[in-house]
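>>> Compute the structure for the input listed below.
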Amino acid sequence: MSVATPPPEKSGPSTPLEIFENFFSVAALSLMTLLPVIEMVARQFRWPGIPGSAVVVQQLTLWIGMLGGMLASRTDRLLGLSSSTFLPESWRGPAKILSGAILAAVSTSLAWASWVFVKSESDAGSYLLPSVPKWTALSIMLVGFAVIGLRAIWHASPGWKGRILAALGLALPPLYGFVVEPGTSGILPVSLIGLLIVTVLGLPIFAVFGGLAILLFWAAGTPAASVPVEMYRLVASPLLPSIPLFTLAGYFMVQGGATKRLLRVFTALFSWIPGGLAIATVAICTVFTFAGSGLTILSLGGLLVPMLIKTRYPENFSIGLLTASGSLGLLFPTSVPAILYCVYSQTPIPKLFTGAILPELVMVGCVATVGVYMGIKNNAVREPFSFREAGSSIWQAKWELLLPVIMITGLFGGFGTLSEAAALTAFCAFIVEVFIYRDLKLTRDYREVFVECATIVGGILLILGVALGFTNYLIDQEVPSKLIDWVRTHVQSKYLFLLLLNAALLAVGALMDIFAAILVVVPLIKPLAAAYAIDPVQMGVIFIANLELGYLHPPVGINLFLSAYRFKKPMGTIIWATLPFLFILMGTVLLITYVPWLTTAPLRWFGK
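Numbering: from 1, shown residues only. Coordinates of the predicted model:
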């Protein structure tokens, strides 16, 4: 996948559109943080809350998704397969132009579908709140997709000739809409093959699923507005706002220097034992996974890998350890993919996180054990334990150490909803980093943190929205029920089914973004798991653990690309360094799969 790295900082937005994007991104995330916190406080003191605040927060999630997509397109950072990793230099320019043309075509089609949806709501006279028509909130979909389409043409080539060629993609939507009949023989297979080719050449993931959904709905004669309607249906989930809010909390902590303070804590606690620095590396990366594997590798890589090498760990091992640890915390509370899985599979969030305690500890423990082994083998430098240093480091990081307590208390303590707990965490992280540690400055960093967070989250929410449209097509065609019938006919053994399921999920994780995989694959495997009497919590743990491996698995494991970018190493070197950890984690996934006690025991212990 292409690496979403920050562009060089500019002095400020230079066009009205950039000012619009930045202003509303900051405003939307700020309101999404403040409104739930106000509601929580008001409820505790039995004060009247703000009428309609929950509806406003849900609609702002849609705005963040579209504004973030616009921001990502502004800097050419929409997540997709990277053609530059395998194409000859002379082919990369034409591949970029072709990808830009198809991206423009898909985005224009989605913009037209959004216009149909907005107009239907306007004609119906629907209201979100008194005096607030529903179409005003939906209009951001039309604007967002149109802007993404135009920027796709602009970024397709540095020269006007290439841009004009990319603009030819704008002819495809009217061609399919008004000229080619849906039932025309051979058109759909050829179109799908063409989409597959452009996907490999670098088409953004949201456009892959958007293109699939549009083509399949077009062939079925379904109205064009189906995809944006499904996107909007996703926003209706009251839990979805937690995704941008937990990500924002992570950004505040990483940009505010929490990583250095917490690294000092873990180093002081573990550096006296063999492999202590490796254990500290695994621990801090696991803690910060909720902020995204990208942030973990990019922000901690330059700090941790030199420290590991300095203490006699081999360079390749150090890079492999950090790369593997970058996604280890996906089963811990506040993990965004785990939350999304719960939302979409209707699995209670407290039950999943409770059942995941032992499986996650097994995965973390196995990677840390390899670090201990390498520390002993290479006679890694150890520091004598110092109560003074341990106490000093913990005291210095005390406020940041309290943030996970706030997360878990808000999530499991019954004080509010998941989105309110996420908002409280983000708000507290803001207070800690801006006003207590003062490493973030309101005048210097506030806008940059919010805009960067919106850019990353927007790319994720775009994928989720269009992937849901594709999933809806699969459900309309009864694909899940047909798959169940086929599997039950050919696979009688539950244990063989679990083995095949792991293999299939590993392939999905290696080829598909984790968020899109959740929306596309969960409707297929959930009824299958029920058919084989697999506990739904164990199914969730198996699913997420397998997709966790997808971050490390060639050809498109995102952690591999991030490490190659961060450490300026060839992809082959990164893959080779990470391979031992991939095999180890595969073994832990099989253990989790075939020893259900690891998942069910914590549920019994805590009465879930």
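>>> and Ala213, what element?
If you go by DSSP states H and E, Ala213 is part of helix 205-219.
>>> after that helix comes which helix or strand?
Sequence-wise, the next helix or strand downstream of helix 205-219 (DSSP H and E) is helix 226-235.
>>> And that following helix, what's buried?
Under the neighbour-count criterion of 16 or more other CB atoms under 10 Å, helix 226-235 has 226-232, 234-235 buried. For the C-beta atoms, the positions are set from N, CA and C on the backbone; glycine is no exception.
>>> related to what we said a few turns ago, so how far is the helix holding Ala213 off the chain centroid?
Mean C-alpha position of helix 205-219 versus that of the full chain (CA atoms, centre = their mean, to the nearest Å) differs by 20 Å.
>>> I'd like to know which elements that helix is packed against.
Helices and strands touching helix 205-219, by 3 or more CB pairs under 8 Å, 6 or more residues apart in numbering; DSSP states H and E, are helix 89-124, helix 187-201, helix 226-235, helix 442-476, helix 514-531.
>>> Would you tell me which of those gets closest to Gly302?
Distance to Gly302, taken as CB to CB, is lowest for helix 442-476 among the helices and strands packed on helix 205-219, at 17.7 Å.
>>> State the three-state secondary structure for Ser73.
Judged by DSSP: H, G, I helix; E, B strand; the rest coil, the three-state class of Ser73 is helix.
>>> What about it, how many residues nearby?
By the measure other CB atoms under 10 Å, the count of residues near Ser73 is 28.
>>> That one is in contact with Ile153, isn't it?
No. The pair Ser73 / Ile153 is not scored as a contact, 10.6 Å apart, by CB atoms under 8 Å.
>>> thinking again about what came up before, I'd like to know which of the buried residues of helix 226-235 is nearest to Leu300.
Nearest to Leu300 among the buried residues of helix 226-235 is Leu234, at 31.7 Å by CB to CB.
>>> Can you give me every residue that contacts that closest one?
If you count contacts by CB atoms under 8 Å, 6 or more residues apart in numbering, Leu234 has them with 240, 464-465, 468.
>>> Quick check: it vs Leu240, distance?
7 Å (CB to CB, to the nearest Å).
>>> Equivalent analysis for Glu121, please.
In terms of CB to CB, Glu121 sits 20 Å off from Leu240.
>>> what residue ranges in the stretch 51-200 of the chain score low on pLDDT?
Across the stretch 51-200 of the chain, the ranges flagged by pLDDT under 70 are 80-86.
>>> on that earlier part again, can you tell me which of the buried residues of helix 226-235 comes closest to Leu340?
Leu234 (9.9 Å).
>>> Which positions in stretch 310-328 come out as buried?
311, 313, 317-328.
>>> For the residues you listed, work out which two are farthest apart.
Top of the distance list for those (CB to CB): Thr311 and Ser327, 23.9 Å.
>>> tell me the phi and psi of the nearest residue to Gly375 once chain neighbours are set aside?
Ranked by CB to CB, 6 or more residues apart in numbering and with sequence neighbours excluded, the top spatial neighbour of Gly375 is Gly275, at 3.0 Å. The phi and psi values for Gly275, taken as degrees, to the nearest 10, are phi 70, psi 20.
>>> picking that back up, closest one to Arg566 among the helices and strands packed on helix 205-219?
Comparing these against Arg566 with CB to CB, the closest turns out to be helix 442-476 (16.1 Å).
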